[in-house]
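Student: after the sequence you'll find the predicted model.
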Amino acid sequence: MKTKFLLPILLVLQCCKAQPIAQTAKNEAGQTLLWEITGKDLQKPSYLFGTFHMMCKDDIRFSDNLLTAFNNSKEVYFEMDLDDVSNTLGAMMYMNMKDGKTLKDLYTEIEYSKLQSFFKDSLKTNIVMFQKMKPSFLEAFLYPKMLSCKNMSGVEQELLKLAGKENKEVRGFETIAFQASVFDSIPYEKQAKSLLTTIDSLDNYKVFFDKMVKVYLSQQLSGIEAMFNDDQFGMKDGLEMLLDKRNQNWVAQLKTILPKTNIFMAVGAGHLVGKEGLIALLRKEGYTVKPMVNY
């Protein structure tokens, strides 16, 4: 597989002594992506930050408050351990469909021809290379086409670089095997339909994606939640599986992690919002979760 395709896939699956830096935001509704976790059995604050998995690199900036929180944390947690090379290599093992399924099994001859033409003309590659790949992973290849720049990155990737410079311990809540298994729970036929729909409506998805980036950069959690629930472009049908259940699993881990060390956790911003979001679940467990200024 060509290296240029690896980043989109991984991002779909998917940075001293503590100081009193918790300058809180005035809007408790949460017009911020950075949150401080204290109380209960914690000796030092930990921090929660909502990320965006892929965007123009020039749009990724970290505030002074975020950098201080990051520096004051002993460990950095991502959705999965991005610093583990075996995760990167292991991703290849879980991309293919089970039971010998191929893309030709999921599409009519006309649909497959359309898919083949798109990959050849727009992505400059042969779809034959990905004949056994789960359609949801193929859909990740379209993300760069939705960006208005060539120099792309992910917020996690930039935080990972910071973690490397600071020699931070990097960990993850999930394995690549688990993240890939989430896509096995979505029928391949449904994934195939979604891929074709995205290709057919790529211009509309570009508009939606651009709007989502702007909402993210404005740090409006209510806006992020609304976009996840969008009837046409959102993921309302998959919220329980892709967000809620995973959030519950992470909080179960955090109940063991947080009393032992202070961490900076960076996960997709969608995981923060809603009644089953990390902010609400952590508060339900008795932690104090406060918004922090992040400009």
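Tutor: Received it, and whenever you're ready, just let me know what you need.
Student: buried ones in stretch 35-44?
Tutor: 35-38, 42 (16 or more other Cβ atoms under 10 Å). No exception for glycine: its C-beta is placed from N, CA and C like everyone else's.
Student: closest to Lys275 among these?
Tutor: Of all the buried residues of stretch 35-44, Trp35 has the smallest distance to Lys275: 16.3 Å, by Cβ to Cβ.
Student: is it fair to say that closest one lies in a strand?
Tutor: Yes - judged by DSSP: H, G, I helix; E, B strand; the rest coil, Trp35 forms part of a strand.
Student: not counting its neighbours along the chain, what's nearest it?
Tutor: Spatial nearest neighbour of Trp35, chain neighbours left out: Leu48 (4.4 Å); criterion: Cβ to Cβ, 6 or more residues apart in numbering.
Student: let me see the confidence value for the one you found.
Tutor: Confidence at Leu48, expressed as pLDDT, is 98.
Student: and it, what are its phi and psi?
Tutor: phi -120, psi 130 (degrees, to the nearest 10).
Student: the strands in the stretch 1-150 of the chain, which residues?
Tutor: Counting by DSSP state E, counting those that start in this stretch, the stretch 1-150 of the chain has strands at residues 34-38, 46-51, 55-56, 75-80.
Student: CSV for those, including distance to Gly154?
Tutor: Output for the strands of the stretch 1-150 of the chain, formatted as CSV (distance: least, Cβ to Cβ, whole Å):
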stretch, distance to Gly154
strand 34-38, 17
strand 46-51, 7
strand 55-56, 7
strand 75-80, 10
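Student: worst mean pLDDT among the ones you listed?
Tutor: strand 55-56 (a mean of 92).
Student: that one pairs with which strands, and in what direction?
Tutor: Paired with strand 55-56 in the same sheet, following DSSP bridges, are strand 152-153 (antiparallel).
Student: what sits up against the next helix or strand after the strand it pairs with?
Tutor: Note on strand 152-153: by DSSP states H and E, the next helix or strand toward the C-terminus is helix 155-165. Residues outside helix 155-165 that contact it (Cβ atoms under 8 Å, 6 or more residues apart in numbering): 7, 11, 14-15, 51-53, 55, 57, 60, 62, 67, 70, 76, 78-79, 82-83, 168, 170, 266.
Student: which one of the strands of the stretch 1-150 of the chain lies closest to Glu139?
Tutor: Glu139 lies closest, by Cβ to Cβ, to one member of these: strand 55-56, at 17.0 Å.
Student: so how far is the host helix or strand of Gln248 off the chain centroid?
Tutor: For Gln248, the host element (DSSP H and E) is helix 245-257. Put simply, helix 245-257 sits 16 Å off its chain's centre (Cα atoms, centre = their mean, to the nearest Å).
Student: and for stretch 43-54?
Tutor: 12 Å.
Student: repeat for stretch 108-124
Tutor: 27 Å.
Student: also stretch 99-117?
Tutor: Using Cα atoms, centre = their mean, the offset of stretch 99-117 from its chain centre is 28 Å.
Student: ditto for stretch 266-277
Tutor: Worked out by Cα atoms, centre = their mean, stretch 266-277 lies 10 Å from the chain centre.
Student: all further residue positions should be reported with the first residue as 38.
Tutor: Fine by me, first position is 38 from now on; the one you just mentioned is stretch 303-314.
Student: put the alpha carbons of that stretch into PDB.
Tutor: This file holds the C-alpha atoms of stretch 303-314, laid out as PDB (Å, rounded to 0.1, in the frame of the first residue of the first chain):
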ATOM      1  CA  ALA A 303      -6.800  13.900  23.200                       C
ATOM      2  CA  VAL A 304      -9.700  12.200  21.500                       C
ATOM      3  CA  GLY A 305     -12.100  13.200  18.700                       C
ATOM      4  CA  ALA A 306     -14.200  16.200  19.700                       C
ATOM      5  CA  GLY A 307     -17.400  14.100  19.100                       C
ATOM      6  CA  HIS A 308     -16.500  12.000  22.200                       C
ATOM      7  CA  LEU A 309     -16.900  15.000  24.500                       C
ATOM      8  CA  VAL A 310     -20.500  15.900  23.700                       C
ATOM      9  CA  GLY A 311     -23.900  14.700  24.700                       C
ATOM     10  CA  LYS A 312     -25.400  12.800  27.600                       C
ATOM     11  CA  GLU A 313     -23.100   9.900  26.900                       C
ATOM     12  CA  GLY A 314     -20.100  12.100  26.200                       C
END
